[in-house]
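Participant: Build the 3D model from these lines:
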Amino acid sequence: MALIILAMCVFSFLWTPYQSEDLQTYITDEGDFSFKYPAHWQLDVAEDVSSLDLGKINTAAGSVFLEVTLPFYAYESTMLNLEGEIDGIVRQRLEMWKQVVASNLPSISNLLTNDVQLGEVNSYSYAFTEGRYIDGADNLTSTTFIAVDLKSQIALFVITAKFEANEAAENGVSFIEVIESIEYRHSEQNSGNVRLPNIFSREVGQKQRGQLTFFYPDDWYTTVASNVVLQNTPEYIDQTKLQTGEIQVIIFTPDQNANMFFDDEMMANCKTDPEIVNSDGVIYYFQTGITAAFPDMTFSLDITPIRINGQLINYFILVDQEREILYIATDLELGEVVSLLVISPPGEIEDYTELLLEIAYTMQYDPITCKAKET
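Facilitator: Take a look at the predicted model:
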C-alpha cells in the first residue's frame, strides 16, 4: 500500500477554499510528484521518512507552515518501527504531537484532539485527525495529520496555522484542495539485471551531498534515515533479536566514510586525501572499530580484496553466537568509498555474500557538493 501523509493545520469547524490565482505549485526534480498550495503558506520539503514532521511550535500569529515529506513506501515507515496503515499513521503522529506540545508548552491546559476520520477524493483514500490549542495570548494553533493512499507510495505534509482565536473561523485552511491537486506518477526502473531489477537513486549525505545509485533484488526494500538501509523484509528488524532469514544492509555514503578521517571543516571544503580515503583504509578503520566493540566476534573470513572489471572491493566476515557481520568497502573514484555493513543471524551470511558483492559493484556516486566547489 502506498500512502501520502499530510500533516496540515486545519480548523475542523470551517475549511475555506482558496482561489486558483493564489496558488503555488511544488514539483519534484524528476517531475513524478506535484501539488498546489496557497502562495502565502511557507513550504519546507524533507526528503525521507525519518523526517516525518509534527508541525511547528511557537509560530507567529497569522502564519501557515506546510512541511512535506516526499513520497515513500509504507514499508519504509514500518522499517523505522512506525505505523504503516493510514489510520495508524495519523493516530501515531497526533500522539507524538501531543507529547511535543506538552513538553515545549507546559502551560497549555486546553489541548484538544479529534478522532481519526476517513475520506476519499480523486480515487485517493485518506485518513486525518486534528489537534489544537489556545495559548495565553488567545492565539489558536491547529495541526491536522492526513494520510492519503496513493496505491504505491507515501508522502507527508505537515501544515501548522496560528491565528487569533476570534479570527480563526475566517482564516480557516482547507486540505481538500491540496489533495485534489496532487499529481503522482510512480515509475519502476529496471537495470536489465535479472537478479537486481530495482534501482535506488537519491541525493544523500550530511557533510557533503551526492547522488547515490545502486541496484537491488525484488522483494528487498530501501529506506533512508541517518543511513540508507536495504533489507529483505518490509518489517522492522531488531538487530538484537535477529530472526531466521532476515538480512539488513546499512550503507555508509562517501561523506560518512571520509568523515572518519577528516574533520568537518575539511569535509565542508572538500579537502580530503584519496590516498587515505580508499577501500583499503576504510575497511581497516572499520575492522579496528568493530573488533574493539565486539571482542567476542571472530573472523570467519579475513579481509579479502577482489576486483570486478577493475573496481576494487574489500570485504570480511565476523561471527559470534548472535549474529554474522559482512562488511564490504567499494572504491568508486578518488576519495569516494561506499561501504555496506550487512547483519544476519549466524550461519546465513554465506548464502547472500555473492549477491551482496554484486550489489556493491553496482554502486555509483555523483559528488554534488564537491563538483559545485570546482566550478
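Participant: any chance you could map the helices in the stretch 1-150 of the chain?
Facilitator: Taking DSSP state H, counting those that start in this stretch as the test, the helices found in the stretch 1-150 of the chain are 74-79, 86-104.
Participant: Return the set of buried residues in stretch 270-283.
Facilitator: For stretch 270-283, the neighbour count (16 or more other Cβ atoms under 10 Å) marks 270, 272, 277-279, 281-283 as buried. Where C-beta positions appear, they are placed from N, C-alpha and C, glycine not excepted.
Participant: where in the stretch 1-150 of the chain is pLDDT low?
Facilitator: 1-21, 48-55, 58, 73-82, 84 (pLDDT under 70).
Participant: show me where it has strands.
Facilitator: For the stretch 1-150 of the chain, applying DSSP state E, counting those that start in this stretch gives strands covering 2-8, 23-27, 33-38, 42-46, 64-73, 112-113, 117-121, 124-134, 139-149.
Participant: give me the number of residues near the nearest residue to E324 once chain neighbours are set aside?
Facilitator: Nearest residue to E324, sequence neighbours excluded (Cβ to Cβ, 6 or more residues apart in numbering): I349, at 4.1 Å. By other Cβ atoms under 10 Å, the residues close to I349 number 22.
Participant: hang on, isn't I349 packed against L318?
Facilitator: No - in this structure, I349 is not within contact of L318 by Cβ atoms under 8 Å, at 9.4 Å.
Participant: between the two, what contacts are shared?
Facilitator: Residues touching both I349 and L318 (Cβ atoms under 8 Å, 6 or more residues apart in numbering) are 324-325.
Participant: between the strands of the stretch 1-150 of the chain, which gets nearest to Y216?
Facilitator: Of all these, strand 64-73 sits nearest to Y216, with 13.2 Å by Cβ to Cβ.
Participant: roughly how far out does that closest one sit from the chain middle?
Facilitator: The chain centroid and the centroid of strand 64-73 are separated by 11 Å under Cα atoms, centre = their mean, to the nearest Å.
Participant: Equivalent analysis for stretch 60-68, please.
Facilitator: 23 Å.
Participant: Kindly report the same for stretch 31-44.
Facilitator: Distance, stretch centre to chain centre, for stretch 31-44: 19 Å (Cα atoms, centre = their mean).
Participant: Return the set of buried residues in that stretch.
Facilitator: By neighbour count, with 16+ other Cβ under 10 Å as the criterion, the buried positions of stretch 31-44 are 33, 35-38, 41.
Participant: Redo the residues you listed as a markdown table? Include distance to W220.
Facilitator: Shown next, in a markdown table, are the buried residues of stretch 31-44 (distance: Cβ to Cβ, whole Å):
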| residue | distance to W220 |
| --- | --- |
| F33 | 23 |
| F35 | 30 |
| K36 | 35 |
| Y37 | 35 |
| P38 | 40 |
| W41 | 37 |
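Participant: Show me where the stretch 151-300 of the chain has its helices.
Facilitator: Going by DSSP H, counting those that start in this stretch, the stretch 151-300 of the chain shows helices at 176-181, 254-258, 264-268, 279-293.
Participant: Deepest in the core, which of these is it.
Facilitator: helix 254-258 (a mean of 23; mean count of other Cβ atoms under 10 Å).
Participant: counting contacts, what elements does that one pack onto?
Facilitator: strand 337-344 (3 or more Cβ pairs under 8 Å, 6 or more residues apart in numbering; DSSP states H and E).
Participant: which element follows the strand it packs on toward the C-terminus?
Facilitator: Next in sequence after strand 337-344, counting helices and strands by DSSP states H and E, comes helix 353-361.
Participant: now that following helix: how far from the chain's centre is it?
Facilitator: 24 Å.
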